[in-house]
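A.B. asks: What shape does this take:
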Amino acid sequence: MLLAAGVAVTHRTLAPVDLVIIGVYFVLVFGIGFYFSRKERTSEDYFLAGRNIGWFAIGASLFVSNISTEHFIGLAGSGATSGLAAGNFEWQASCILLLLGWVFVPFYLRSNVFTMPEFLERRFNRNCATYLAGISIVAYIFTKISVHLYAAAIVLERVVGWNQWTAAIILVIATGIYTIAGGLAAVIYTDLVQTLILLAGAIALTFIGLDKVGGFSALRAAVPASYFHMVKPITDPDFPWTGIFFGAPIIGIWYWCTDQVIVQRVLSAKDEGHAKAGTIFAGFLKILPVFLLVIPGIIAFALYPQLFDIKNGAVTNGDIAFPTAVVNLLPTGFVGLMVAALLAALMGAMSSVFNSASTMVTLDFYKKFRPAATEKQLVTFGRIATGAMVVLGLLWVPFIHVLSAQLWVYLQSVQGYISPPIAVCFIFGILWPRLNGTGAICTLLAGFVMGSVRFLFEVLDKSAHYQSGFLRALIDMNFLHYSILMFVVCALILIVVSLMTPAPERSKLAGLTFATVDDKIDTIDINKPNLAKETRTEHTINVALTYVLLATVLILWIYFR
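C.D. replies: All right, here's what the predicted structure looks like:
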């Protein structure tokens, strides 16, 4: 059966029915976007959707804001290269989303902030907020916008025949239109539609692929046994178990609990109960990518091994796995559905980034310089900021492959260099009221230097090939292990510098740490009352579903260990 399936094609032309399906998708998305463009009035409406979003829409938006084309390409590519190990990030995310809902969200809602830099400013000082806003925008360019576009171009070039720049420009313009017009409400409700399309397309591809390969047991027999082990040895170059269980959570906490793109969805909740329920629902959805995205990559490798380049026993072009599966496995009609799913993933993630970036630029920079700006001016400036982010992201696309042949490894490694100092400040900041702004800004700057040095030498080594023992140790250290090192160093700096400088005033920490959680919050500059806390019924349901989610992830990890 595998030999019969081995005759492969590398490109495919869309049939009329496929084009009709894609056209219907665009009509739905633009219809939602322009509906909400007529409703937005204030900055809270535009940037936080009027804080009136329910748990289902929040969970779906969290999922599709995270799942983009780089997940389709990157996870499938890593699946073809090394198996299920890349899925560890997905199942860890299910658990870390619970931290967002149960630990961080109450602090964020209590402080009534619009942005994560704003929360850091309340907890520490303005310098920390400026750093976080700036580094977040840089991270969006390096790890979000450009990666989304590059991954989409890989698929569309093979399936539709567009070249890289044509695909990038068309998708950016299409996404920018409804994001700029409708704000966060448009983003969240288009995300809801896009989640359904994304899941439908991925489920179809997985089941058709499993049928083609002869079932799950046949798939396991067709690839190396190591492909179905999530826990890799400490010597694994990409996903050693020490890095996965100690380094990956650092990246996860930064991404899921402190990143504006993700947290902004939760801040739009109608109350605390819906905010928590949304994170739990997203946690269940994050179980799926291992089965819907990683396994199709393994299927592609099993069915069409002749298309993959193998050097020293390792696949070097794994990122072709997903488009290979699409063009070879899906019948007419389903190809259109799959392309629509990819477009849904790309546009959902990019629109989330655009809206969140414009929120930070507008509220953390523009509003600070022009505190008297009207609501209309804030919204207008936010729309202009979106356009600027688009241009910067396009300029970085050609340079992605300089770092890693595996898109997923590139994405995680860059995030691994950015996340440790930010995670340290948020985690320790809510745990220990003694820590101050001086310690926090020293931590952020030290972490920036450590991450930048590693990133710079990693890029230069591609051409310079350094021989120095120190530089080789720096460059060759697994990125997850380097994240652990950065986290430890940053934590020590935060503690030592804070203890050597004056303690912050307790009155300014009200509601921002566990020790001061019940202190009365200063309501200056807060023009809206805190959102309602979860009811007893909501709490009971949320607790029960939390245990179910944790048990599910634990069982899966044990089975695929």
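
A.B. asks: number of nearby residues for V17?
C.D. replies: With neighbours defined by other C-beta atoms under 10 Å, the count for V17 comes to 14. (Glycine included, C-beta is placed from N, CA and C.)

A.B. asks: What strand or helix carries it?
C.D. replies: helix 16-37 (DSSP states H and E).

A.B. asks: Which secondary structure elements does that helix sit against?
C.D. replies: helix 164-213, helix 334-360 (3 or more C-beta pairs under 8 Å, 6 or more residues apart in numbering; DSSP states H and E).

A.B. asks: nearest to D461, of these?
C.D. replies: Comparison of the helices and strands packed on helix 16-37 against D461 by C-beta to C-beta identifies helix 164-213 as nearest, at 25.5 Å.

A.B. asks: Show me the shaky parts of the chain.
C.D. replies: 1-12, 33, 36-52, 160, 164-165, 176-188, 190-191, 393, 396-409, 519-532 (pLDDT under 70).

A.B. asks: quick one: the strands in it?
C.D. replies: 310-311, 314-315 (DSSP state E).

A.B. asks: Only the buried residues of stretch 451-459, if you could.
C.D. replies: 451, 454-455, 457-458 (16 or more other C-beta atoms under 10 Å).

A.B. asks: returning to what we had before: mean neighbour count, the strands of the chain: which tops it?
C.D. replies: strand 314-315 (a mean of 18; mean count of other C-beta atoms under 10 Å).

A.B. asks: Report the strands that pair with it, each with its relative direction.
C.D. replies: strand 310-311 (antiparallel) (DSSP bridges).

A.B. asks: What lies in contact with the partner strand?
C.D. replies: T316 (C-beta atoms under 8 Å, 6 or more residues apart in numbering).

A.B. asks: nearest spatial neighbour of M230, skipping sequence neighbours?
C.D. replies: F560 (4.6 Å; C-beta to C-beta, 6 or more residues apart in numbering).

A.B. asks: same thing with M338?
C.D. replies: G201 (4.4 Å).

A.B. asks: so what's the one you found up against?
C.D. replies: With C-beta under 8 Å, 6+ apart, G201 has these contacts: 334, 337-338, 340-342.

A.B. asks: and which of those is nearest V138?
C.D. replies: Taking these together and measuring to V138 by C-beta to C-beta, the closest member is L342, at 26.2 Å.

A.B. asks: Helices of the stretch 351-500 of the chain, start to end?
C.D. replies: For the stretch 351-500 of the chain, applying DSSP state H, counting those that start in this stretch gives helices covering 367-369, 375-396, 407-431, 437-464, 469-476, 479-500.

A.B. asks: mind listing what the residue nearest to M230 touches?
C.D. replies: 84, 228-230.

A.B. asks: how close does it sit to Y131?
C.D. replies: Using C-beta to C-beta, to the nearest Å, F560 is found at 39 Å from Y131.

A.B. asks: hmm, back to that, can you tell which of the helices of the stretch 351-500 of the chain is closest to Y189?
C.D. replies: helix 375-396 (17.9 Å).

A.B. asks: buried residues in the closest one?
C.D. replies: So helix 375-396, judged by 16+ other C-beta under 10 Å, has buried residues 378-379, 381-383, 385-386, 389-390, 392-394, 396.

A.B. asks: Could you export these as a markdown table, including distance to V64?
C.D. replies: As requested, the buried residues of helix 375-396 are exported to a markdown table (distance: C-beta to C-beta, whole Å):
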| residue | distance to V64 |
| --- | --- |
| L378 | 26 |
| V379 | 24 |
| F381 | 26 |
| G382 | 21 |
| R383 | 22 |
| A385 | 22 |
| T386 | 18 |
| M389 | 19 |
| V390 | 19 |
| L392 | 23 |
| G393 | 18 |
| L394 | 22 |
| W396 | 23 |
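
A.B. asks: Just the helices from the stretch 201-350 of the chain, written as ranges.
C.D. replies: 216-222, 241-242, 248-253, 260-267, 272-285, 289, 295-303, 321-329, 334-360.

A.B. asks: and the ones you listed as TSV, adding distance to T552 and mean neighbour count?
C.D. replies: Listed next are these as TSV, based on distance: least, C-beta to C-beta, whole Å; neighbours: other C-beta atoms under 10 Å:
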stretch	distance to T552	mean neighbour count
helix 216-222	19	15
helix 241-242	21	16
helix 248-253	18	24
helix 260-267	21	26
helix 272-285	8	25
helix 289	14	24
helix 295-303	17	28
helix 321-329	26	25
helix 334-360	23	27
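
A.B. asks: Adding distance to L97 as columns, could you present those helices in JSON lines?
C.D. replies: What follows is the helices of the stretch 201-350 of the chain, written out as JSON lines (distance: least, C-beta to C-beta, whole Å):
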{"stretch": "helix 216-222", "distance to L97": "27"}
{"stretch": "helix 241-242", "distance to L97": "22"}
{"stretch": "helix 248-253", "distance to L97": "9"}
{"stretch": "helix 260-267", "distance to L97": "9"}
{"stretch": "helix 272-285", "distance to L97": "4"}
{"stretch": "helix 289", "distance to L97": "13"}
{"stretch": "helix 295-303", "distance to L97": "22"}
{"stretch": "helix 321-329", "distance to L97": "25"}
{"stretch": "helix 334-360", "distance to L97": "16"}
